[in-house]
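> here is my input, please return the structure:
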Amino acid sequence: MNEAVAKEKLVEDVKDVISNAEAFIHATGDDLSGAAGEARSKLSEKVQAARARLKQIEGVVREKAIEGAKQTDRVIREHPYESIGVAFGVGLILGILINRK
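Next up, the predicted model:
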């Protein structure tokens, strides 16, 4: 579950970078010439490619998160008493560790 949260955070960070790059591209305008214009054009292409790839990754992350939640639900429904026991044990251990400090 922690890995899924980290992946979602990464997706959000990449979206933010893409958004900032697009804002930079629009702010520079079309009046650039020479190397600056070429760099702007390349950046624009890379941003579009990154946006497309990000949509693919986001879909995969979402599907895996949903599948993980379904699998967790399935295990809990198949073994309800064991699940309660494990949750109680983890809670007890965390409570003891927190109160030790």
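> if I look at residue 37, how far off is residue 10?
Relative to residue 10, residue 37 is positioned 32 Å away (C-beta to C-beta, to the nearest Å). Bear in mind the C-beta positions are built from the backbone N, C-alpha and C, glycine included.
> and what of residue 93?
30 Å.
> neighbour-wise, which of the two wins?
Comparing residue 93 with residue 10 by other C-beta atoms under 10 Å, the one with more neighbours is residue 10, at 13 against 10.
> SS state for the more buried one?
Three-state secondary structure (criterion: DSSP: H, G, I helix; E, B strand; the rest coil) places residue 10 in helix.
> where along the chain do the helices fall?
2-28, 35-78, 80-100 (DSSP state H).
> make CSV out of those and add mean pLDDT.
Written out in CSV, the entries for the helices of the chain read as follows (pLDDT from 0 to 100):
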stretch, mean pLDDT
helix 2-28, 74
helix 35-78, 82
helix 80-100, 92
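> which residue sits closest to the residue most central in space within the chain, ignoring its sequence neighbours?
Computing the C-alpha centroid of the chain and ranking residues by C-alpha atoms, centre = their mean puts residue 8 first, at 1.5 Å. Using C-beta to C-beta, 6 or more residues apart in numbering and skipping the chain neighbours, the partner closest in space to residue 8 is residue 61 (6.2 Å).
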